[in-house]
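Colleague: Provide a 3D model corresponding to the input given below.
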Amino acid sequence: MVRVMQVEADKKRPRVIGYGGIMYPTNTIDNGVITDYEAVAGAVQKLFQHSLIGDITTRRVAISVPVSRAFTRAVELPKLTEKELEAAIANEVDQYIPAAAASLYVDYTTVPSGKDKWATFIVAVPRRIIESYMTLCRMLGLEVVIVQTSSNASASLFSHDTQSDLPSVLVDFGSESADITVYDQNPIVSGVASCGGEEITRVISQALDVTEREAIIIKTKYGLSLSKKQKQIEAALEPSLEVLIKELQRSIRYYEERSESKRKIAQIVTTGGGANMPGLAEYLTHSLRLPVRAFDPSNFIDFGHLQPLSQDERMSYVTATGLSLLKPEEAF
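Modeller: Predicted coordinates for the structure are as follows:
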């Protein structure tokens, strides 16, 4: 799914001047690399020409890469000069990221984590993925000014939330996987769990012996909430949700064992299309003993005279909204 949004500055809140989304054939991308440029470009052109709410007036764009297609690593380093830091980052990439450094685009952020110590978050993305995105944008006449992981874009938007001062875990339910990011003033560490929306749909379809279209309706209308099929759905989804819960527990443990402030994770914040599934927040709250809430990007933007995002699609626009609010100096 391709989603776009453009906002402009306003005295109160950024005002949306255009947004929209469109599906593209799933066989057009292989391991994150666009392989059928014509098909994807055709879908995006159709979006721009016929499916927008409002209008997109700029050709300068920020784009995101799924966390599942990136390598991430969090390390603590002593205070270093810029040259020493770059050498230390290169050493971490060579030692711990399972790909040749020459085949990657690498970026990092650093935040103080104690006396003369810096918490460093490294992100590396295969060049062939980024370059395929750049080729697509050139075909569409778009100029790429910012590239971020989807989790960083979501974290950027979350920084505007009234509870963003609390150590939190952000869970972005994409189509293929759930991207997990520990956030404490900045993204601290990321992970991925194979609990995406498409897998949940497939599992429900098989467990209830219904078509995928019917499974989508069941997922969005009933999910894990009270219904005649609740126990059957819970039993079917339990293996996938157990993977998610274990990854969440691992990420929480990693943060709390290394946090200089000794602060504890205070909440789980869900985003993405899968966050709409009824009963999911209650299920995760019971399993993790932490409050869980969905994150609505509509709270940070104004739609003016435009039709606002529907209740069903709001969480799916977290990444697009986060990207639309980025400043050029935040480029990856």
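
Colleague: can you give me the strands for the stretch 151-300 of the chain?
Modeller: 168-173, 178-183, 187-193, 267-272, 292-294 (DSSP state E, counting those that start in this stretch).

Colleague: The third one pairs with which strands, and in what direction?
Modeller: Strand partners for strand 187-193, identified by DSSP bridges, are recorded as strand 178-183 (antiparallel).

Colleague: before we move on, back to that, out of the strands of the stretch 151-300 of the chain, flag the one nearest residue 107.
Modeller: Checking the strands of the stretch 151-300 of the chain against residue 107 by CB to CB gives strand 187-193 as the closest, at 11.8 Å. To be clear about C-beta, it is placed using only N, CA and C from the backbone, and glycine gets the same treatment.

Colleague: from the middle of its chain, how far away would the closest one be?
Modeller: 10 Å (CA atoms, centre = their mean, to the nearest Å).

Colleague: what angle sits between that strand and strand 168-173?
Modeller: Relative orientation of strand 187-193 and strand 168-173, computed by axes from the mean of the first three to the mean of the last three CA atoms, to 10 degrees: 40 degrees.

Colleague: coming back round to it: mean pLDDT lowest for which of the strands of the stretch 151-300 of the chain?
Modeller: Least confident of the strands of the stretch 151-300 of the chain, judged by mean pLDDT, is strand 187-193 with a mean of 84.

Colleague: In the stretch 51-200 of the chain, where is pLDDT below threshold?
Modeller: 114 (pLDDT under 70).

Colleague: Tell me which stretches of it form helices.
Modeller: With DSSP state H, counting those that start in this stretch as the criterion, the stretch 51-200 of the chain has helices at 82-96, 127-139, 150-158, 197-208.

Colleague: Tell me which of those sits nearest to residue 327.
Modeller: Short answer: helix 150-158, nearest of these by CB to CB, at 9.6 Å.

Colleague: how about the helices of the stretch 51-200 of the chain, which one is nearest residue 294?
Modeller: helix 150-158 (12.2 Å).

Colleague: count of residues packed around residue 228?
Modeller: 8 (other CB atoms under 10 Å).

Colleague: Other residues contacting stretch 125-135?
Modeller: The contact list for stretch 125-135 (CB atoms under 8 Å, 6 or more residues apart in numbering) reads 32-35, 37, 63, 65, 69-71, 99, 103-105, 144, 147, 149.

Colleague: Next: stretch 275-290.
Modeller: Contacts to stretch 275-290, defined as CB under 8 Å, 6+ apart, come from residues 171, 173, 200, 219-226, 230, 234, 241, 245, 248-249, 252, 265-268, 270, 274, 291-295, 311-312, 315.

Colleague: same question, stretch 137-144
Modeller: 37, 41, 44, 45, 59, 60, 61, 62, 63, 133, 134.

Colleague: Could you measure from the last one over to residue 117?
Modeller: It stands for residue 134. To residue 117, residue 134 is 36 Å away according to CB to CB, to the nearest Å.

Colleague: which ones are touching residue 158?
Modeller: Contacts of residue 158 (CB under 8 Å, 6+ apart): 164, 168, 170, 183, 269, 295, 322.

Colleague: mind redoing it with 7 Å?
Modeller: By CB atoms under 7 Å, 6 or more residues apart in numbering, the residues touching residue 158 are 164, 170, 183, 269, 295.

Colleague: what about the first one, neighbour count?
Modeller: For residue 164, the count of nearby residues is 15 (other CB under 10 Å).

Colleague: can you pull the contacts of it?
Modeller: Contacts for residue 164 (CB under 7 Å, 6+ apart) come out as residue 158.

Colleague: for it, phi and psi?
Modeller: phi -70, psi -10 (degrees, to the nearest 10).

Colleague: change the start of the numbering to 26 and stick with it
Modeller: Yep, numbering from 26; the last one is residue 189 now.

Colleague: how close does it get to residue 95?
Modeller: If you go by CB to CB, the gap between residue 189 and residue 95 works out to 23 Å.

Colleague: residues contacting residue 244?
Modeller: Counted by CB under 7 Å, 6+ apart, residue 244 has contacts 225, 226, 229, 302.

Colleague: how close does it get to residue 230?
Modeller: From residue 244 across to residue 230, the span is 9 Å (CB to CB).

Colleague: How about residue 253?
Modeller: Distance from residue 253 to residue 230, by CB to CB: 17 Å.

Colleague: same deal with residue 298?
Modeller: Distance of residue 298 to residue 230, given as CB to CB: 16 Å.

Colleague: same deal with residue 216?
Modeller: 27 Å.

Colleague: Over to residue 319?
Modeller: Residue 319 is 24 Å from residue 230, by CB to CB.

Colleague: repeat for residue 79
Modeller: Residue 79 is 35 Å from residue 230, where distance means CB to CB.
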